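>>> dropping the sequence and predicted coords here.
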Amino acid sequence: MNAAKVVEELKQRFPNEPEYIQAVSQVLPTIEEEYNKHPEFEKANLIERLCIPDRVCEFRITWVDDQGKVQTNMGYRIQHNNAIGPYKGGLRYHKSVNLGILKFLAFEQTFKNSLTTLPMGGAKGGSDFSPRGKSDAEVMRFCQAFMNELYRVIGPDEDVPAGDIGVGGREVGYLFGQYKKLTHQFQGVLTGKGLSFGGSLIRPEATGYGCVYFLTSMLATRGIELKGKKVLISGSGNVAQYATEKCLQLGAIPMTLSDSDGYIYDPDGIDFEKLAYVKELKNVERGRIKEYAEEYPNAVYHAGERPWHEKADIALPCATQNEINAMLLVRLLTLVVYQYLVLRCHRTLSV
């Protein structure tokens with residue numbers, strides 16, 4: 001397998017999907033050497049079968065807004081690979097959603113799921129519908145219309161969607177209710193459901209907590225504690241909220257949160273009381289993060305920006321894909337070098 005050649009061929013076949021091409025071009029060079037140790041892989045053309053999704057489901061979604069006007073959106077489900085288990089991956093509702101982005105995410109989901117050692121394949125789906133600014137009734141009608149198409153290709157042993165950006169507990173509840181209505185079945189076909197109707201304990205916390213657990217394990221390899229460290233966190237949804245919570249529990253000081261409009265920087269740190277406000281703001285009121293700065297005047301809101309230029313010890317990207325750009329990598333490298341030098345200096349002085 002020649003990774004560069006495979007990527008070039010995929011560019012020719014899918015010229016309008018740069019995000020998907022990006023994901024493939026980043027992964028293939030890392031497995032090229034190991035792949036080429038197995039000529040039987042090449043004989044079976046495994047690399048092309050791994051890169052191209054098993055199935056791409058694309059459908060129109062028609063729903064009625066509160067003014068009685070008929071609206072139309074596009075819906076997708078990318079069933080990328082089920083070699084080791086049923087397709088598994090989130091649903092995203094956001095205006096940026098398109099085929100290329102979902103193929104990007106489904107491709108990476110396949111690898112991510114395989115690394116859990118659980119028998120799960122990879123998938124991703126969603127729509128260019130945005131819940132932002134919509135009433136509960138509008139979100140419900142859209143979710144029901146979305147499920148009217150999606151239910152045909154999902155099932156507990158076939159494909160099990162979850163939530164993602166724009167799809168939280170409210171949306172999963174509406175989707176599951178419509179699935180039951182259409183199939184007459186109460187099945188574990190969606191993860192992220194409420195505890196009262198089949199959800200899992202600490203499911204909402206799992207991703208954000210896991211991010212911080214991984215962070216503490218990596219810091220431990222360098223003899224560094226999280227306690228007392230200033231942390232930049234992007235996003236203000238499920239992952240960001242619980243990453244912030246776990247950082248607080250472990251003694252760190254979260255400094256930032258963000259959404260698609262901008263970010264807030266709180267020089268006093270985001271404590272448990274402020275985090276509770278953010279949860280109410282984002283999960284119940286469906287507000288914007290700039291309102292945090294109105295509630296806590298010492299905080300500064302930066303419209304249209306990301307938080308990575310602020311001074312801190314740790315950066316936790318908890319929002320969307322491609323957050324780690326060249327600037328962030330340089331800052332992270334600088335931080336690693338600084339921490340290494342401090343550690344060396346401390347050990348030298350101790351001797």
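That came through fine.
>>> for residue 270, helix, strand, or coil?
coil (DSSP: H, G, I helix; E, B strand; the rest coil).
>>> which residue sits closest to it, ignoring its sequence neighbours?
residue 254 (4.3 Å; C-beta to C-beta, 6 or more residues apart in numbering). For every residue, glycine as well, the C-beta is placed using N, CA and C.
>>> also residue 195?
Closest to residue 195 by C-beta to C-beta, 6+ apart is residue 201, at 7.1 Å.
>>> that older thread, wait, doesn't the residue nearest to residue 270 sit right on residue 231?
Yes - using C-beta atoms under 8 Å, residue 254 and residue 231 qualify as a contacting pair, with a distance of 5.1 Å.
>>> how about residue 189: what's its closest non-neighbour residue?
Nearest residue to residue 189, sequence neighbours excluded (C-beta to C-beta, 6+ apart): residue 156, at 5.3 Å.
>>> what's the distance between the one you found and residue 259?
Using C-beta to C-beta, to the nearest Å, residue 156 is found at 34 Å from residue 259.
>>> can you check residue 293 too?
12 Å.
>>> between those two, which has more neighbouring residues?
For residue 293 versus residue 259, neighbours defined as other C-beta atoms under 10 Å are more numerous around residue 259 (20 against 17).
>>> next up, the contacts around the closest residue to the more buried one other than its chain neighbours.
For residue 259, ignoring the flanking residues on the chain, the nearest one in space by C-beta to C-beta, 6+ apart is residue 289 at 4.5 Å. By C-beta atoms under 8 Å, 6 or more residues apart in numbering, residue 289 lies in contact with 236, 257, 258, 259, 261, 262, 263, 264, 278, 281, 282, 301.
>>> and the helix or strand where the second one lies, what does it pack against?
Okay, so that is residue 257. Using DSSP states H and E, residue 257 sits in strand 256-259. Taking 3 or more C-beta pairs under 8 Å, 6 or more residues apart in numbering; DSSP states H and E as contact, the helices and strands that strand 256-259 lies on are strand 230-233, helix 238-249, strand 262-265.
>>> among those, which comes closest to residue 176?
helix 238-249 (17.2 Å; C-beta to C-beta).
>>> hmm, back to that, nearest to residue 19, out of the helices and strands packed on strand 256-259?
So among those, helix 238-249 is nearest, using C-beta to C-beta, at 19.8 Å.
>>> parallel or antiparallel, list what pairs with the very next helix or strand once past that closest one.
As assigned by DSSP H and E, the chain's next helix or strand after helix 238-249 is strand 253-254. Strand 253-254 pairs in its sheet with strand 230-233 (parallel), by DSSP bridges.
>>> which positions in the longest strand anywhere in the chain come out as buried?
Assignment by DSSP state E gives strand 70-81 as the longest strand of the chain. The neighbour-count check on strand 70-81 (16 or more other C-beta atoms under 10 Å) flags 71, 73, 75, 76, 77, 78, 79, 80, 81 as buried.
>>> could the residues you listed be laid out in CSV, adding pLDDT and distance to residue 49?
Converted to CSV, the buried residues of strand 70-81 look like this (pLDDT from 0 to 100; distance: C-beta to C-beta, whole Å):
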residue, pLDDT, distance to residue 49
71, 98, 38
73, 98, 31
75, 98, 26
76, 98, 21
77, 98, 19
78, 98, 15
79, 98, 13
80, 98, 11
81, 97, 8
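>>> nearest to residue 177, of these?
Nearest member of those to residue 177, counting by C-beta to C-beta, is residue 75, at 17.5 Å.
>>> between the two ends of stretch 299-315, how far is it?
Taking C-alpha to C-alpha, to the nearest Å, stretch 299-315 runs 18 Å from one end to the other.
>>> can you tell me how far residue 118 is from residue 84?
Counting by C-beta to C-beta - residue 118 and residue 84 are separated by 9 Å.
>>> those two: who's more crowded?
More neighbours surround residue 84 than the other of residue 118 and residue 84, with 14 against 10 (other C-beta under 10 Å).
>>> who's in contact with that one?
Residue 84 sits next to 114, 119, 120, 121 when contact means C-beta under 8 Å, 6+ apart.
>>> just the pLDDT at the third one, thanks.
The per-residue pLDDT reported for residue 120 equals 96.
>>> what's the answer for the first one, then?
Here, the pLDDT recorded for residue 114 equals 94.
>>> can you tell me the SS state at the nearest residue in space to it that is not next to it in sequence?
Of all residues not flanking residue 114 in the chain, residue 84 sits nearest, at 6.3 Å (C-beta to C-beta, 6+ apart). Classification of residue 84 by three-state DSSP places it in coil.
>>> how close does residue 84 get to residue 315?
33 Å.
>>> what does residue 56 give?
Residue 56 sits 34 Å away from residue 315, going by C-beta to C-beta.
>>> more crowded one of these two?
residue 315 (20 against 15).
>>> and the more buried one, helix, strand or coil?
strand.
>>> can you tell me the closest non-neighbouring residue to it?
That would be residue 232: by C-beta to C-beta, 6+ apart, it lies 4.7 Å from residue 315.
>>> again with residue 137
residue 66 (6.3 Å).
>>> how many residues are close by the residue lying closest to residue 235 once chain neighbours are set aside?
Closest residue to residue 235 apart from its sequence neighbours, by C-beta to C-beta, 6+ apart: residue 319 at 3.5 Å. Neighbourhood size, residue 319 [other C-beta under 10 Å]: 22.
>>> isn't residue 319 up against residue 256?
No - judged on C-beta under 8 Å, residue 319 makes no contact with residue 256 at a distance of 11.1 Å.
>>> which residues do these two both contact?
Common neighbours of residue 319 and residue 256 (C-beta under 8 Å, 6+ apart) are residue 234.
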